[in-house]
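In: give me coordinates for this.
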Amino acid sequence: MSKQKEEKTNVMRVLDQKKIPYIPRAYPVGDAAPDGAAVARLLGQEPASVFKTLVAKGASGGYYVFDIPVEATLDLKKAAKAAGEKSVSMLPSKQLLPLTGYVHGGCSPVGMKKRFPTLFHESCLELETMCVSAGKVGFQVELNPAALIALVGAATADLIAEG
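Out: Model (predicted):
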C-alpha cells in the first residue's frame, strides 16, 4: 500500500517541474472508477473542493476543458457562453483517451496531450485548496486553485446547473 502512495503520475511530475506545491492523495479503486462524490468521501474531502474534469466539443469544432465540483452538473449553455461558442456537447468517452491522453475517471486539467481552453467553476476561487485528478484513476492532487489556474492558463466562470 505504501508503494501506491509513492507512485508519481505525469501530473505530479509537471507540478514538481513547475515547483507548484501539492499534496498527493490516493484512494482505493475497485473494478470501476468511483464517481466524484465517492472519491471525495474516500479522500475525506468536502465534495465542493473536489473537482472533476470534463471535455466538450464546441460548435466550431474546438475542444474545451471544464472543471467543476464533483456533485455539480455542467450547464452546457453556460459552458458554451463562457467558451464563446454557440453550443458545446460532451465528448464521448471513447474519444477522451486519444484526444487528451487520459481515461474516463482519471482526466486531469494538467498535462493533456494538447493544451485546450480551460475554464474552472468560479467557486474554486473561494477555496484554500482543491483536489483534481492526478491523471490516473485512484490518484488526486490537492493544491492551491490560483496556482492551478495559472499553470493551465484557465479562466473562471459560472458553469454549473442550478439546483
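
In: for the spatially closest residue to Gly105 that is not a sequence neighbour, grab the count of nearby residues.
Out: Ranked by CB to CB, 6 or more residues apart in numbering and with sequence neighbours excluded, the top spatial neighbour of Gly105 is Ala33, at 2.9 Å. All C-beta spots, glycine's among them, are computed from the backbone N, C-alpha and C. With neighbours defined by other CB atoms under 10 Å, the count for Ala33 comes to 16.

In: quick check, pLDDT for the most centrally placed residue in the chain.
Out: By CA atoms, centre = their mean, the chain has its centre lying nearest to Thr53, at 2.9 Å. What the model reports for Thr53 is a pLDDT of 97.

In: for it, what are its contacts?
Out: Val65, Phe66, Asp67, Tyr102, Cys107, Ser108, Pro109, Val132, Ser133 (CB atoms under 8 Å, 6 or more residues apart in numbering).

In: and which of those is nearest to Met90?
Out: When these are compared for distance to Met90 (CB to CB), Phe66 wins out at 9.5 Å.

In: what's across from the closest one in the sheet?
Out: Leu54, Leu119 (DSSP bridges).

In: surely it is in contact with Gly58?
Out: No - with contact defined as CB atoms under 8 Å, Phe66 does not reach Gly58; the gap is 11.3 Å.

In: quick one on the thing from earlier: in JSON lines: the contacts of Thr53, plus neighbour count.
Out: Formatted as JSON lines, the contacts of Thr53 follow (neighbours: other CB atoms under 10 Å):
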{"residue": "Val65", "neighbour count": "23"}
{"residue": "Phe66", "neighbour count": "29"}
{"residue": "Asp67", "neighbour count": "27"}
{"residue": "Tyr102", "neighbour count": "24"}
{"residue": "Cys107", "neighbour count": "26"}
{"residue": "Ser108", "neighbour count": "28"}
{"residue": "Pro109", "neighbour count": "28"}
{"residue": "Val132", "neighbour count": "25"}
{"residue": "Ser133", "neighbour count": "28"}
